[in-house]
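Asks: pasting the sequence and the predicted model now:
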Amino acid sequence: MSRDEVYVVGVGMTQFGLQPGRSIKEMVREAVECCLSDAGAAVADVQAIHFSNMGQSVLEGQTATPGQIALRPLGFQGVPISNVENGCASGSTALYMAWLQVKAGEADIALAVGAEKLSADDGERRDMLFRGAMDVHDTDSVWRNLAALAEGGPEAPSIAGHRSPFMDVYGYWARAHMRDFGTTQGQLAAVASKNHAHSTLNPLCQFQKEFTVDQVLAGRALSYPLTVPMCAPYSDGAAAVLLCSKEGVDRLGAAAIAVPVKSLVLASSLDRDPADWDRHIGRVAADIAYEKAGIGPEEVDVAEVHDATAFGEVIHCENLRLVPRGEGGRAAESGETRLGGRIPINVSGGLESRGHPLGATGLGQVHELVMQLRGRAGPRQVEGARFAIAENGGGLYGIEEASCVVGIFGAPQ
């Protein structure tokens, strides 16, 4: 028996940041206990768990069953536990799997948990982890395709210094967008400056410091047009989200805080003409999500998007139709996407400031949106938020993300 209505009834997360003294088990305990407390639930209420992690097998050698090993100390026994790895979209994919399980009638209460510890290694293995998010059997063609995508855009000076290979990926994407739509480095700096300003209102952020546009532009250069303050850092952290059917909500007495999941869509990348931005995986997933939710982008009040770099916010706010194609940079520059603006985006601080513990990132986005829809986001509250959207992408295939999850959520009724 399928369930048409699924709700978020609990959220919890650690502060994100480099925390070399804390284990994944410790961070998972904090996030899960916070989530269960938020929902008024106990360990015994949870009927299924989906655990997301991207790097523990590479960085710590914990292969095969990281979820079972992290969750057993909390008392979870007997219930089905699955392990999810889907690039930087792992957390949102775990949520998608839990949502499907509740919709299928296989559980009334299901938990999605994500955790990452990137401080476990600061050298070759961490680089290998990121390189493994693209085709390791044909890396030459990966970079040729990206170079062809950005051909005719601004020239990128050769930059020395260590960086994730994905900063080069985002650099190619950004230069193609600059060529086609006139986006400027200053507009990307405006995105980053906005998100760093938002971070000062969020105690769970890895960084809580304001940067002016000029300070962002003066940061250490990575892959042009990106500078360090435009890019997400390496992070540790964990986050958890508890989903319920209507029966589960009633069982927990959680109706007053239950946030309806209007739609969740998981998509994989498409072959497309590089010039056809509207066939981007994020646009395709968003259009399906809007149709399933029965709302349009004009009804969205707040968004969290995958800004692994400032350009990520630009492309994804366009993909979600929150601003017209080509206008993402100008929207940030004009203040449209700032807290108090027409469509606030990444009021949590985004990945650039909140941090990016890969397997936890998507669930951290949902944590923020649930707080917003409940009216409990404190000084960063978007007034009257009724509908919220999240976008979380992962990996690389061809010229875009290999996977993407878009979710739409509503305020408690």
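Replies: That came through, no problem.
Asks: every contact and neighbour count from this point should use C-alpha atoms.
Replies: OK.
Asks: what values do phi and psi take at R72?
Replies: Dihedral angles phi and psi of R72 (degrees, to the nearest 10) take the values phi -60, psi -40.
Asks: what is the neighbour count of it?
Replies: 12 (other C-alpha atoms under 10 Å).
Asks: so how far is the first residue of stretch 396-413 from its last?
Replies: End-to-end span of stretch 396-413 (C-alpha to C-alpha, to the nearest Å): 39 Å.
Asks: now the helix or strand W99 falls within - C-alpha only, PDB.
Replies: Using DSSP states H and E, W99 falls within helix 90-103. Output of helix 90-103 as PDB, limited to C-alpha atoms (Å, rounded to 0.1, in the frame of the first residue of the first chain):
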ATOM      1  CA  SER A  90      24.800  10.900  -0.900                       C
ATOM      2  CA  GLY A  91      22.900  12.500   2.000                       C
ATOM      3  CA  SER A  92      20.000  13.500  -0.200                       C
ATOM      4  CA  THR A  93      20.000  10.100  -1.800                       C
ATOM      5  CA  ALA A  94      19.700   8.400   1.600                       C
ATOM      6  CA  LEU A  95      16.800  10.700   2.300                       C
ATOM      7  CA  TYR A  96      15.300   9.700  -1.000                       C
ATOM      8  CA  MET A  97      15.600   6.000  -0.200                       C
ATOM      9  CA  ALA A  98      14.000   6.500   3.300                       C
ATOM     10  CA  TRP A  99      11.200   8.500   1.600                       C
ATOM     11  CA  LEU A 100      10.600   5.700  -0.900                       C
ATOM     12  CA  GLN A 101      10.500   3.100   1.900                       C
ATOM     13  CA  VAL A 102       7.800   5.100   3.800                       C
ATOM     14  CA  LYS A 103       5.800   5.700   0.600                       C
END
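Asks: now do the helix or strand just after that helix against helix 90-103, angle only.
Replies: Following helix 90-103 in sequence order, the next helix or strand is strand 109-117 (DSSP H and E). Here the directions of strand 109-117 and helix 90-103 differ by 170 degrees (axes from the mean of the first three to the mean of the last three C-alpha atoms, to 10 degrees).
Asks: now the element after strand 109-117, going C-ward?
Replies: helix 124-131.
Asks: gap between that next one and the chain center?
Replies: Here helix 124-131 is found 20 Å from its chain centre; the criterion is C-alpha atoms, centre = their mean, to the nearest Å.
Asks: buried residues in the helix or strand following it, which are they?
Replies: Note on helix 124-131: by DSSP H and E, the next helix or strand toward the C-terminus is helix 139-149. Buried positions in helix 139-149, judged by neighbour count with 16 or more other C-alpha atoms under 10 Å: 142-143, 145-147, 149.
Asks: can I get helix 139-149 in PDB? Just the C-alpha atoms.
Replies: Below are the C-alpha coordinates for helix 139-149, written out as PDB (Å, rounded to 0.1, in the frame of the first residue of the first chain):
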ATOM      1  CA  THR A 139      40.500  11.000 -17.100                       C
ATOM      2  CA  ASP A 140      42.000  12.500 -20.300                       C
ATOM      3  CA  SER A 141      38.700  12.700 -22.000                       C
ATOM      4  CA  VAL A 142      37.100  14.100 -18.800                       C
ATOM      5  CA  TRP A 143      39.300  17.100 -18.900                       C
ATOM      6  CA  ARG A 144      39.100  17.500 -22.700                       C
ATOM      7  CA  ASN A 145      35.300  17.600 -22.500                       C
ATOM      8  CA  LEU A 146      35.400  20.300 -19.800                       C
ATOM      9  CA  ALA A 147      38.000  22.300 -21.700                       C
ATOM     10  CA  ALA A 148      35.900  22.200 -24.800                       C
ATOM     11  CA  LEU A 149      32.900  23.300 -22.800                       C
END
